[in-house]
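Colleague: after the sequence you'll find the predicted model.
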Amino acid sequence: MKKIISVLLVLIMLIFASAFYAESAEGDFVIEDGVLISYNGNASVVIIPSEVYYIGSSAFENNKAVKTVKLNNKVEFIGDKAFYNCTSLVSLEGTDSVSSIGAFAFSETPYINSFTEDFVSINGILLKYNGTLQSVSIPKNITEIAPYAFYNNKTINTLGMSENTLSIGEGAFYDCTSLKYVSIPRTVEEIGAYAFYNTPWINNKGGQLIVGDGILLQYTGKEANVTIRSNVNKIAPYAFYENKTLKTVSFSNNTYMIGLRSFMGCENLTGISLPEKVQFIDEEAFAKCNNLRRINLPRNIEHIGKGAFAGCTSLIRADIGGQLNRLDYGAFAGCTSLVTIYIRDNINEIGNNIVWGCSSLKKIRVPEKVGFVENEVFEGTPSSLTVHSSATSNIKDFVSSSKVTFSEELGDVDNNGEIDIKDATRIQLYLAELQSLSDEAVKRADANYDAQVNIEDVTFIQLLLAHLF
């Protein structure tokens with residue numbers, strides 16, 4: 001009898017233990033395309049499913065049950081407030097693949113509060129500073145300062161970083177009201193929005209263009225026409241955000257990066273002059289610039305982020321550089337006046353919905369050797385849209401399965417398969433009434449896609465052949 005009672009007690013304890021340390025079930029997760037949107041379970045041990053690479057913002061926020069989270073070896077990103085106020089969370093396992101952590105991802109958890117060292121980090125990402133020193137040197141093992149890592153620190157006076165630091169997150173030193181001296185190494189590639197907001201280091205800088213170590217951090221002026229100085233290499237996120245007086249901006253010849261939402265909502269901006277060195281335009285950099293009418297992106301441009309020019313409702317034409325790795329999702333979405341997009345050669349990928357809602361769009365020129373086109377790239381465009389490219393282009397078969405029309409690219413007047421100086425000469429002779437052209441040849445003579453045949457088409461071909469366009 002005693003043996004039976006003992007066995008029953010052991011079974012009861014195991015049942016309670018298994019309930020207490022219950023692992024997560026498959027149905028507890030909401031996952032979309034590898035992103036964990038939310039966790040709806042109440043297990044104490046959560047094992048992240050193998051297909052997840054991104055734990056989304058607030059996915060576990062306010063969960064009071066989870067104690068241990070076991071990441072798979074694919075998780076790279078942990079979003080803002082992902083585990084915020086998880087008041088039982090004490091352990092995070094399998095962090096080797098994590099490369100980015102958002103704002104307040106582990107705030108108000110026993111897990112983050114259990115660290116006693118001055119610099120709390122995961123995989124070189126500095127999450128939190130616990131120290132009390134006035135002069136702080138970021139350790140060499142830190143490559144990224146997470147958003148709001150020093151938020152509201154009233155002690156730090158001087159900041160130094162090693163050359164291993166590559167990124168400073170959004171609001172990293174927000175409201176550090178004693179911070180007067182900052183040294184940012186040239187290795188830093190990105191500074192987030194409001195990274196040094198309300199610090200003496202920013203507030204005491206003279207002039208309207210606040211520049212730190214080659215990065216334009218903030219514009220405080222009200223001038224209509226702004227020229228970026230030659231010492232500026234990068235435009236920080238939100239630098240000109242929603243500036244209502246800015247009309248034109250000329251960039252330094254040394255500027256190669258334009259940050260996240262840096263000119264978003266500059267509703268009176270009518271013109272931008274970009275140097276050939278510009279390579280990277282981040283997400284929504286010029287979104288909602290409602291008076292911007294034309295853009296000419298340099299040949300060396302390598303990246304145009306999601307929604308970079310979305311909602312530019314006066315934009316009529318866009319000429320895009322030819323070294324793009326990818327023209328990203330929604331780059332020109334909602335540009336309701338956009339008529340023509342000319343994409344130069346060598347673009348690799350075109351993402352979905354790049355021209356969604358472009359109700360006036362008539363022509364897109366796509367280079368012959370575009371590598372990959374997503375299925376919904378022309379979604380939300382009028383049926384009158386014509387996609388121009390070489391007869392041997394990869395995009396021809398794709399267009400044939402969509403509602404838009406395919407046509408061979410313009411400029412090849414003699415229809416010999418290439419645009420050359422002979423085509424420019426034929427247009428000149430035609431305009432001088434020294435040579436006639438067939439109706440089809442006249443259509444092809446519109447080399448710059450503006451629905452007219454004139455001397456500008458000759459110039460366009462000449463610039464194209466000289467690699468100046």
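Modeller: Thanks, I have the structure now.
Colleague: report how many residues lie close to G259.
Modeller: If you count neighbours by other C-beta atoms under 10 Å, G259 ends up with 25. C-betas here are computed from N, CA, C, even on glycine.
Colleague: grab the nearest non-local neighbour of it.
Modeller: Counting by C-beta to C-beta, 6 or more residues apart in numbering, P237 is the residue found nearest to G259 once chain neighbours are left out, at 4.1 Å.
Colleague: what's the answer for G411, then?
Modeller: That would be A447: by C-beta to C-beta, 6+ apart, it lies 3.6 Å from G411.
Colleague: please identify the helix or strand for the one you found.
Modeller: Of the helices and strands defined by DSSP states H and E, none includes A447.
Colleague: pLDDT at it, what is it?
Modeller: As predicted, A447 sits at a pLDDT of 90.
Colleague: state the distance from the residue nearest to the spatial centre of the chain to I304.
Modeller: With distances taken as C-alpha atoms, centre = their mean, the residue of the chain nearest its centroid is E283 (3.5 Å). Using C-beta to C-beta, to the nearest Å, E283 is found at 9 Å from I304.
Colleague: identify the residues contacting Q218.
Modeller: Neighbouring residues of Q218 by C-beta atoms under 8 Å, 6 or more residues apart in numbering: I202, I210, A236, Y238, A239.
Colleague: how about the helices in the stretch 201-350 of the chain?
Modeller: Counting by DSSP state H, counting those that start in this stretch, the stretch 201-350 of the chain has no helices to list.
Colleague: quick one: low-confidence parts of it?
Modeller: Applying pLDDT under 70 to the stretch 201-350 of the chain flags the ranges 206-207.
Colleague: show me where it has strands.
Modeller: 209-212, 215-219, 225-227, 234-235, 248-250, 257-258, 271-273, 280-281, 294-296, 303-304, 317-320, 326-327, 340-343, 349-350 (DSSP state E, counting those that start in this stretch).
Colleague: just name the most buried of these.
Modeller: Of all those, strand 234-235 carries the top mean neighbour count, a mean of 26, counting by mean count of other C-beta atoms under 10 Å.
Colleague: what's the distance between that one and the middle of its chain?
Modeller: 14 Å (C-alpha atoms, centre = their mean, to the nearest Å).
Colleague: same deal with stretch 282-291?
Modeller: For stretch 282-291, the distance to the chain centre is 12 Å (C-alpha atoms, centre = their mean).
Colleague: kindly check the end-to-end length of that stretch for me.
Modeller: Start-to-end span of stretch 282-291 (C-alpha to C-alpha, to the nearest Å) is 20 Å.
Colleague: and if you look at stretch 226-246?
Modeller: 7 Å.
Colleague: list the buried ones in it?
Modeller: Of all the residues in stretch 226-246, those buried under the rule 16 or more other C-beta atoms under 10 Å are 226, 228, 232-241, 243, 246.
Colleague: let me have the strands of the stretch 201-350 of the chain in TSV, extended by distance to I55.
Modeller: Shown next, in TSV, are the strands of the stretch 201-350 of the chain (distance: least, C-beta to C-beta, whole Å):
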stretch	distance to I55
strand 209-212	32
strand 215-219	29
strand 225-227	40
strand 234-235	29
strand 248-250	38
strand 257-258	28
strand 271-273	37
strand 280-281	26
strand 294-296	36
strand 303-304	25
strand 317-320	34
strand 326-327	24
strand 340-343	35
strand 349-350	26
